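Student: Below is the structure, and that's it, no one-letter string:
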């Protein structure tokens, strides 16, 4: 068995590389792809006729080093981006909406762009239908809205015509 491994170890390392690459495609968490770099390093060590124990050590060291050193940098790079690259509900924050059904602390409906959302106010004040509000946050499927013209004494919003 050891003789076969010494003759065809490249198949083992290539298989490990491919399995780790497939695992990365399924999980997308940047662990397995960095471990596959270790498998490639071990494959190169095999091609230079390194002993099996050295190939295993090279695999472990390179996989650990890439995971510890490269993964944090890669994740920081992936998370960084301009504001115009926001996706999904993050794009809605700061947009203006029109109140379709009076919005209060617990319920209401607003139209954001072309979509109708359930909504509630951040401060607990009531906003009448037809008012213009701004999306302050998204909580699940509910838009949390704020509005510029609130009367502090009555707790109701007014619209300007």
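Tutor: Ah, there it is. What you are looking at is a predicted structure, and each value in this text was computed from that prediction instead of being measured.
Student: Residue 36: helix or strand, and which one exactly?
Tutor: Element membership of residue 36, judged by DSSP states H and E, is helix 32-47.
Student: which helices and strands sit right next to that helix?
Tutor: The elements that helix 32-47 packs onto, with contact taken as 3 or more C-beta pairs under 8 Å, 6 or more residues apart in numbering; DSSP states H and E, are helix 2-27, helix 52-79. Every C-beta, even on glycine, is put in place using the N, C-alpha and C of the backbone.
Student: Would you mind putting those into a markdown table with mean pLDDT, mean neighbour count and distance to residue 141 alongside?
Tutor: Putting those into a markdown table (pLDDT from 0 to 100; neighbours: other C-beta atoms under 10 Å; distance: least, C-beta to C-beta, whole Å) gives the following:
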| stretch | mean pLDDT | mean neighbour count | distance to residue 141 |
| --- | --- | --- | --- |
| helix 2-27 | 90 | 14 | 27 |
| helix 52-79 | 92 | 14 | 25 |
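Student: Tell me which of those sits nearest to residue 89.
Tutor: helix 52-79 (17.0 Å; C-beta to C-beta).
Student: how close does the residue nearest the centre of the chain get to residue 94?
Tutor: Closest to where the C-alpha atoms of the chain average out (C-alpha atoms, centre = their mean) is residue 79, at 7.5 Å. In this structure, residue 79 and residue 94 are 20 Å apart, going by C-beta to C-beta, to the nearest Å.
Student: Residue 135: what's it in contact with?
Tutor: Contacts of residue 135 were listed using C-beta atoms under 8 Å, 6 or more residues apart in numbering, and they are 92, 93, 94, 95, 96, 97, 110, 112, 143, 144, 145.
Student: Mind telling me what element it is part of?
Tutor: Counting by DSSP H and E, the element that carries residue 135 is strand 132-139.
Student: That strand: which residues count as buried?
Tutor: Residues 132, 133, 135, 138 are the ones in strand 132-139 that count as buried (16 or more other C-beta atoms under 10 Å).
Student: for stretch 27-45, same thing?
Tutor: Buried residues in stretch 27-45, counted by 16+ other C-beta under 10 Å: 30-43, 45.
Student: Next, give me the two most distant ones among those residues.
Tutor: 30 and 45 (23.6 Å).
Student: next one: phi and psi at residue 114?
Tutor: In terms of degrees, to the nearest 10, the main-chain angles of residue 114 are phi -110, psi 10.
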